[in-house]
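3D model of this:
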Amino acid sequence: MQRRRFVQMMAPAGLVGTTPMAARAERPFAFSEATVADLQAAMTAGRSTAQSLVAAYLARIRAVDRNGPAINSVIELNPDARAIAAALDAERQAGRVRGPLHGIPVLLKDNIATADRMSTSAGSLALAGVAPPRDAHLVARLREAGAVILGKTNLSEWANIRSSRSTSGWSARGGLTKNPYALNRNTSGSSSGSGAAIAANLAAVAIGTETDGSIVSPGSINGLVGLKPTVGLVSRSGIVPISHTQDTAGPMTRCVADAAAVLTAIAGVDERDAATRVDGRPPAGIDYSRFLDAGRLKGAKLGVVRNQFGSNDRVNALIDQALAVLKAQGAVLVDPVELMNVEKYGDAELEVLLYELKADLNAYLAEYAAGAPVHSLADVIAYNLKHAEREMPHFAQELFDKAQAKGGLDDAAYLEALATCRRYSRAEGIDALLAKHGLDAIVAPTGGPAWLTDYINGDHYGGSFSTPAAVAGYPHLTVPAGFVSGLPVGLSFVGPAWSEPLLIGLGYAYEQASRARRPPTFVKTL
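Numbers count the residues shown, from 1 in each chain. Here you go, the predicted model:
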């Protein structure tokens, strides 16, 4: 089930269409494509401050998100961002720098709780204006690391679990987020706003969340690095849930180094999340930037999962070029390999998600949304029916209805589906493939290029490699691989549980050799 440094602007090869809106509506942005390291160096040298960064990104949001191409990716701005930045500048002047994210503006997907003057709504009108009693664990860690929470990003409402005919990037509260590479094409989702915003340089970095594809798909489609961590590496407490089996938050950035910096900040043990306290989890406090090794591909044995390639010949040809880069950097490619048993857990995955949605959302609403007009999934369903003109103008809520009809997490049907997913995605899936060929990781195209947004028929994905790692709860990294007709496509690296250091090294080495990312130019159409 698929959910979804300082430089001048450069047009991707192959763009055809109207004059780029950027040429008419924008002045060159001083921090275009700036990395976390770039921004930190500027602050260290006294050329910038956290306050000036916040001001610059807010102006960028006005110019690009609210006006000009109006991609509509930021659902709400933090009214306290300037004050937070000022306090962090004072700390720096006093000789205290908390780390790489000190003073760095960050955007959060609007299903991540913040105990401040912003809502945490999952894009639903039912949660608009609702203030959680405390920050999500990852938000507390970001604040501790010195990040400036700049605002919240739009998303596919309820993280795209409401309907099987949904339009990604749309929510009743936020409207539709547009793809900055072609405004009439989809952003994918559900971390749609996070993907579009970072592609458009509206902040330094963002956080997305994924159940199945919601980081890596919009990451790929928006020309970004997207890292879905192993479930349990980053706490899920304070995130509007779908599934405690598959949910996780992760970085969405313009480069692998930034993803490593963000992961270092947000990964950690949380007493409120049992998945962060399991045996085998890496120790807390790892600096993932240590694994940025431009030579990491040399000798790495990678399996090319041809049975997870899609039907788009141009995408496949682009990925073949990416594979040539991997090989030129010393990787040993086993091509092809077949990922077994994927077809055996498609239905079981949905069954697990529906059962867990009902239980997990009810628990979240009780703990984090006490002041909301809804206190259960049943209440949300009723709310949407009452406000159908605004909540359901494009698609319905049949998945909510199916979830509400499920029993508890002790039902035999749920336990059987969960066992099926674990067996065929892990022991007889990814783990078996890695062991059979002695592989370090597996690679495939993340998915196809962005499709035309279509409210009538909903999303139409051009293939996706998100499900195996999502169901297994294993890490998945997508890195820009290039463009098909001006639209970005990503290359995926998937490994076993807790293999983030490996994937970061592999992805970084590929990124440094390929340099495939280009910023968007906001054409209306292709």
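
ok, the spatially most central residue of the chain - contacts?
Per Cα atoms, centre = their mean, the C-alpha nearest to the average position across the chain is that of Ile215, at 2.5 Å. Residues in contact with Ile215 (Cβ atoms under 8 Å, 6 or more residues apart in numbering) are Ser191, Gly208, Thr209, Gly226, Leu227, Lys228, Gly250, Met252, His476. Yep, even glycine has a C-beta here, placed from its N, CA and C like the rest.

now Ala275
Contacts of Ala275 were listed using Cβ under 8 Å, 6+ apart, and they are Val231, Gly232, Arg236, His244.

taking those residues one by one, which sit in helices?
Among the contacts of Ala275, none falls in helices (DSSP state H).

adding distance to Arg281, write those out as CSV.
Shown next, in CSV, are the contacts of Ala275 (distance: Cβ to Cβ, whole Å):
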residue, distance to Arg281
Val231, 10
Gly232, 6
Arg236, 14
His244, 16
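
now rank those residues by neighbours and give me the top one.
Using other Cβ atoms under 10 Å as the neighbour criterion, Arg236 leads these with 28 neighbours.

what segments of the stretch 351-500 of the chain are helices?
For the stretch 351-500 of the chain, the helices defined by DSSP state H, counting those that start in this stretch cover 377-386, 388-391, 398-404, 412-422, 431-437, 467-472, 500-514.

so which bits of the first one are buried?
By that I understand helix 377-386. Residues of helix 377-386 classed as buried by neighbour count (16 or more other Cβ atoms under 10 Å): Leu377, Val380, Ile381, Tyr383, Asn384.

and Ile319, how close does it get to Gly68?
Using Cβ to Cβ, to the nearest Å, Ile319 is found at 33 Å from Gly68.

more crowded one of the two?
Ile319 (25 against 15).

just say helix, strand or coil for that one.
Secondary structure state of Ile319, per DSSP: H, G, I helix; E, B strand; the rest coil, is helix.

use 153 as the first number from now on
Sure, I'll start counting at 153 from here, so that last one is Ile471.

can you pull the contacts of the closest residue to it other than its chain neighbours?
Of all residues not flanking Ile471 in the chain, Pro597 sits nearest, at 4.6 Å (Cβ to Cβ, 6 or more residues apart in numbering). Pro597 makes contact with 460-462, 467-468, 470-471, 615, 617, 633, 641-644, according to Cβ under 8 Å, 6+ apart.

between the contacts of Ile367, which is nearest Gly327?
Nearest to Gly327 among the contacts of Ile367, counting by Cβ to Cβ, is Ser343 at 16.1 Å.

wait, what's in contact with the closest one?
Going by Cβ under 8 Å, 6+ apart, Ser343 touches 261, 305, 307, 358, 360-362, 366-367, 370-371, 378, 404.

out of these, who's nearest Gly251?
Nearest member of these to Gly251, counting by Cβ to Cβ, is Ala358, at 18.1 Å.

quick check: the closest one is in a strand.
Yes: with three-state DSSP as the criterion, Ala358 is part of a strand.

who's it bridged to?
According to DSSP bridges, the residues that bridge with Ala358 are Leu259, Met404.

tell me the pLDDT at the nearest residue to Ile656 once chain neighbours are set aside?
Nearest residue to Ile656 in three dimensions, chain neighbours excluded: Phe443, at 4.6 Å (Cβ to Cβ, 6+ apart). At Phe443, the pLDDT value in this model is 98.

repeat for the one 5 residues further on
For Arg448, the model assigns a pLDDT of 98.

pLDDT below threshold where in the protein?
Under the criterion pLDDT under 70, the flagged ranges of the chain are 153-178.

one more pass at 80, please.
153-179 (pLDDT under 80).

how far away is Glu309 from Asp399?
Glu309 sits 16 Å away from Asp399, going by Cβ to Cβ.

more neighbours: which of the two?
Remark: of Glu309 and Asp399, Glu309 carries more neighbours, 32 against 26, as counted by other Cβ under 10 Å.

does that one touch Ala324 like I think?
Yes: taking Cβ atoms under 8 Å as the definition, Glu309 is a contact partner of Ala324 at 6.0 Å.

who touches both of these two?
Common neighbours of Glu309 and Ala324 (criterion: Cβ under 8 Å, 6+ apart): Gly275, Ser276.

would you mind measuring from the spatially closest residue to Val414 that is not a sequence neighbour to Thr329?
Computed as Cβ to Cβ, 6+ apart, the closest residue to Val414 that is not its neighbour in sequence is Pro403, at 3.8 Å. Distance of Pro403 to Thr329, computed by Cβ to Cβ: 19 Å.

likewise Asp422?
30 Å.

so these two - more neighbours on which side?
Taking other Cβ under 10 Å, Asp422 and Thr329 do not tie; Thr329 has more neighbours (33 against 20).

so the more buried one makes contact with Ala222?
No: under the criterion of Cβ under 8 Å, Thr329 is not in contact with Ala222, lying 10.2 Å apart.

re the thing from before, ok, now which ones touch the residue nearest to Ile656?
Ala412, Glu652, Pro653, Leu654, Ile656, Gly657, Tyr660.

contacts only, for the fourth one.
When contacts are counted by Cβ under 8 Å, 6+ apart, Leu654 touches Phe443, Arg448, Asp592, Ala593, Gly647.

hey, what's the closest residue to the last one other than its chain neighbours bridged with?
Think Gly647. Of all residues not flanking Gly647 in the chain, Ala593 sits nearest, at 4.3 Å (Cβ to Cβ, 6+ apart). Beta bridges link Ala593 to Leu454, judged by DSSP bridges.

can you pull out the strands in the stretch 203-352 of the chain?
Assigned by DSSP state E, counting those that start in this stretch, the strands in the stretch 203-352 of the chain fall at 226-229, 257-261, 300-305, 322-323, 327-328.

count of residues packed around Ala446?
Around Ala446 sit 14 other residues, with neighbours defined as other Cβ under 10 Å.

just the one 5 residues further on next, same as before
As a burial measure, Gly451 scores 10 neighbours (other Cβ under 10 Å).

element containing it?
Taking DSSP states H and E as the definition, one finds Gly451 inside no helix or strand.

can you give me the distance of it to Leu654?
Distance from Gly451 to Leu654, by Cβ to Cβ: 12 Å.

with Glu541 instead?
In terms of Cβ to Cβ, Glu541 sits 50 Å off from Leu654.

just Ala540 next, same as before
From Ala540 across to Leu654, the span is 48 Å (Cβ to Cβ).

likewise for Leu449?
To Leu654, Leu449 is 11 Å away according to Cβ to Cβ.

again with Pro393
For Pro393 relative to Leu654 (Cβ to Cβ), the value is 28 Å.

likewise Gly345?
Separation of Gly345 from Leu654 (Cβ to Cβ): 30 Å.

go on, His254?
Distance from His254 to Leu654, counting by Cβ to Cβ: 28 Å.

swap in Ala283?
The value you get for Ala283 to Leu654, if Cβ to Cβ is used, is 40 Å.

next one: Glu309
Counting by Cβ to Cβ, the gap from Glu309 to Leu654 is 35 Å.
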